[in-house]
Every structure is written in structure tokens, then in C-alpha cells.
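Visitor: Model the structure of this input:
(chains A and B)
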Amino acid sequence: AQSVTQLDSHVSVSEGTPVLLRCNYSSSYSPSLFWYVQHPNKGLQLLLKYTSAATLVKGINGFEAEFKKSETSFHLTKPSAHMSDAAEYFCVVSARYSSASKIIFGSGTRLSIRP
Amino acid sequence: NAGVTQTPKFQVLKTGQSMTLQCAQDMNHEYMSWYRQDPGMGLRLIHYSVGAGITDQGEVPNGYNVSRSTTEDFPLRLLSAAPSQTSVYFCASSYRAEAFFGQGTRLTVV
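Guide: Below you'll find the model as predicted:
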């Protein structure tokens, strides 16, 4: 079984400062992990994904995430926040080698950017 | 590429009415699923399918039915709508655990 916990429901940072959105996962199988972003009244956009190989994953818009198996974490970071980053972010887990694995979402983190 | 197409985008129903949310994908993915999104609760899995003729329940299946007669289509049926089913619904198809989402259906039950 898989589960995912996003540790913060809301994060607020100033423009130009670093962003950290935290995600912990639990999986009985080798996990695939994803971060999705949802802007207000929009659909879901894939930011980045970890499926194997490199544990540091780079995504779109300057975001990256590091898979840490020992800590069961997959935190999302960005060195410098931009106003356009304000959105809801979802951490997602699934079983890597299964084409029929359930895809489980975290409850989301709302990111606000202060001018 | 059409990807995953959901219809309608918006719908208002009266309590007790029935309706079907349509979902179609053109990527030949075996796995399809339906989620509902409510504030502060992320996306919760309603039903999913691992191939034509095979469906199973997710986390919140009550009040919803699904069928999968073809690989392409995975409709979600509300048999008797209730105000608690007011939500945004997303359909997804998946390949190797990466999900591709439709644009969502905003459903209001009054």
C-alpha cells in the first residue's frame, strides 16, 4: 500500500527567497514520486517525477526535488520564489513497476508569495 | 494530441438527479481513474480501472458507478446526486504510474 503526507497545508514566502514544500511517503513497493502544481481554477500540471536513477530530480520552472529513501521524503525546493509560483502543490506516490498501480495524492500545500 | 478529454466542464444538478461525466483518452493507456477534489483534502480516488472490463473501488466510491467497455472511455455515473457530491472531478489515464489528467468538471448539486 502507498500513502503520502504533505507536512504543511500552507507555506508563505517572500518573492526571491527559497521555497521548501515537504512530502513524506510510505510504499510497500519501489515508489514513483511526482509533484504536480495546480494554479487557481486550472487543471493539474506535472512539475517533476522520480522513477529511478538520479535521486535529485529537476523539473520545470526551476523546481527540483530530492528522493531520500532513508528519510522516506521527497521535498520540493526552488532557490528563488516568483510571484507566478503561487499555487497549490500536490505530492503523489505510486508503485514504480506496476502499470496498474493506484496513484495516491497528498492533501496539498498552498504556496503564497509575498511581494 | 488530445490526451484526456473530460466533458462537461461545468454542471449544476438538482438533488436526486442522475448524470454521467464522460472521460476519453487517446493514448491507449490501460489504467484510468476518477478523483474528486475538495478543499484541504487533495484528490481522493473514487474508482479506477486497470483495463477494459475491469473496475475497482477507490477511497470514496459511494454514490458513484463506473464501467469500462473500451480502453478509451471511462464514464463516471452519479445515480442520485447529493449536495455532498459538489466537487471538482478529474479523470486520469496512466502509463508506468505517470498520470495524465483531464481539465476537470466542476459539479454543483443544489
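Visitor: quick one: contacts for the nearest residue in space to A:Leu48 that is not next to it in sequence?
Guide: Computed as Cβ to Cβ, 6 or more residues apart in numbering or on different chains, the closest residue to A:Leu48 that is not its neighbour in sequence is A:Gly59, at 2.8 Å. C-beta here means a position set from N, CA and C on the backbone, and glycine is covered the same way. Neighbour list for A:Gly59: A:35, A:46-49, A:65 [criterion: Cβ atoms under 8 Å, 6 or more residues apart in numbering or on different chains].
Visitor: in chain A, which helix or strand is least confident?
Guide: strand A:104-105 (a mean of 88; mean pLDDT, DSSP states H and E).
Visitor: So is it next to chain B?
Guide: Yes. Residues of strand A:104-105 contacting chain B under Cβ under 8 Å from any Cβ of the partner chain: A:104-105.
Visitor: Show me what that strand is packed up against.
Guide: Helices and strands touching strand A:104-105, by 3 or more Cβ pairs under 8 Å, 6 or more residues apart in numbering or on different chains; DSSP states H and E, are strand A:2-6, strand A:87-95, strand B:43-51.
Visitor: got the buried residues for the first one?
Guide: Applying a neighbour-count criterion of 16 or more other Cβ atoms under 10 Å in any protein chain shown, the buried positions in strand A:2-6 are A:2, A:4, A:6.
Visitor: just the residues you listed now: which is nearest chain B?
Guide: Using Cβ to the nearest Cβ, A:Gln6 is the member of the buried residues of strand A:2-6 that lies nearest chain B, at 7.9 Å.
Visitor: Once you drop chain neighbours, what's closest to the closest one?
Guide: A:Gly106 (3.9 Å).
Visitor: and the one you found, what does it touch?
Guide: Counted by Cβ under 8 Å, 6+ apart, A:Gly106 has contacts A:4-6, A:23, A:90-92, B:42.
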